[in-house]
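> only geometry, no sequence info:
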């Protein structure tokens, strides 16, 4: 798999990241190891996880991190991986209470280091924001963890463009490291943020795109395949306005995007999944889409997006901006 540099770091990431929310929970340990082996065998080197994955299930706490840590130890491949995780997520029983104090960040990092069985985390990502705090206070807490050697680089997830700008201004003024990546909900299927069940989540919008274009900050799209929406439409599993589709994605505009993706897939002799992922990969700034695969077959189809290329005109055609 091809690699892309992450600006502001010495990291080179595979162009697709493996989603790890189901590792050790909805996937057994054997299934998880098999999937990670298949990903690594194709040159993949970044597995997305978080301290909170999958604490909403009746399983061992932080089982995703622990599964990845056990796999790296068994395979002796920590040196080949970009070790990343997310922390600072509110407790699931009190989602309206932020957890981004210096003590919260330190506690989560300490736990993640232990779960992942590593001495340092290459890319640490804040899972949520706390808009009641100045962004500078949060940056200072991360800077302290970096100076301690617990993390090397850091990023954010579910922050608005305005808050990212505030954080970067503070870092620039103090001469300290700023965010080097942004995990954001983003796919070819446009997300309607007014219908989010979790209002702390943030989707890609025009202001954020402009921020990435201006700064060349790496974007890591999550929900990159919109819960498999286009695949379900393409196989006939869902109808155009099926009630099983999340309200976040159920719209006539997304059906029209699917129809354009289907037409382009036919012209390129590839799958709709490949087109949808390539739409993200071929943006004019660095993107590292996260693919949530449950089987080796799904993984191989996703990774095959490497085999095609989309022109700027085709990108504009897909999202209707042409």
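In hand now; what should we look at? None of these values were measured; they are calculated from a predicted model.

> Any idea how many residues pack against residue 208?
The burial metric for residue 208, expressed as a neighbour count using other CB atoms under 10 Å, is 21. C-beta: built from backbone N, CA, C; applies to glycine.

> Residue 159 is in contact with that one, correct?
No. Taking contacts as CB atoms under 8 Å, residue 208 lies outside contact range of residue 159: 9.1 Å.

> Mutual contacts of those two, please.
With CB atoms under 8 Å, 6 or more residues apart in numbering applied, the overlap between the contact sets of residue 208 and residue 159 consists of 182, 202.

> And the lengthiest helix in the chain, what's buried?
Counting residues, the longest helix found in the chain (DSSP state H) is helix 252-268. For helix 252-268, burial by neighbour count (16 or more other CB atoms under 10 Å) applies to 254, 255, 257, 258, 260, 261, 262, 264, 265, 268.

> And for stretch 20-29?
Using 16+ other CB under 10 Å as the burial criterion, the residues of stretch 20-29 that qualify are 20, 21, 22, 23, 24, 25, 27.

> you'd agree the second one is in a helix?
No. Secondary structure of residue 21, determined by DSSP: H, G, I helix; E, B strand; the rest coil: coil, with no helix assignment.

> Please report phi then psi for it.
In terms of degrees, to the nearest 10, the main-chain angles of residue 21 are phi -70, psi -30.

> and if you look at the last one?
Here the main-chain torsion angles of residue 27 (degrees, to the nearest 10) amount to phi -110, psi 140.

> Next up, the contacts around the most centrally placed residue in the chain.
Nearest residue to the geometric centre of the chain (CA atoms, centre = their mean): residue 222, 3.8 Å. Going by CB under 8 Å, 6+ apart, residue 222 touches 19, 48, 157, 183, 184, 185, 186, 290.

> Show me the beta-bridge partners of it.
residue 185 (DSSP bridges).

> any idea of the pLDDT on it?
Residue 222 is assigned a predicted lDDT (pLDDT) of 98.

> do the same with residue 321
87.

> Ok, residue 76 next?
In this prediction, residue 76 carries a pLDDT score of 98.

> Start at 659, not 1
From this message on, residue numbering opens at 659, which makes the last subject residue 734.

> check contacts around the nearest residue to residue 775 once chain neighbours are set aside.
Nearest non-adjacent residue to residue 775, counting by CB to CB, 6 or more residues apart in numbering: residue 727, 4.0 Å away. Contact criterion CB under 8 Å, 6+ apart gives 773, 774, 775, 776 as the residues in contact with residue 727.

> Just the buried subset of those, please.
Neighbour-count burial (16+ other CB under 10 Å) applied to those gives 773, 774, 775, 776.

> who are the neighbours in contact with the spatially most distant residue from the centre of the chain?
Most distant from the centre of the chain: residue 925, at 29.1 Å, with distances by CA atoms, centre = their mean. When contacts are counted by CB under 8 Å, 6+ apart, residue 925 touches no other residue.
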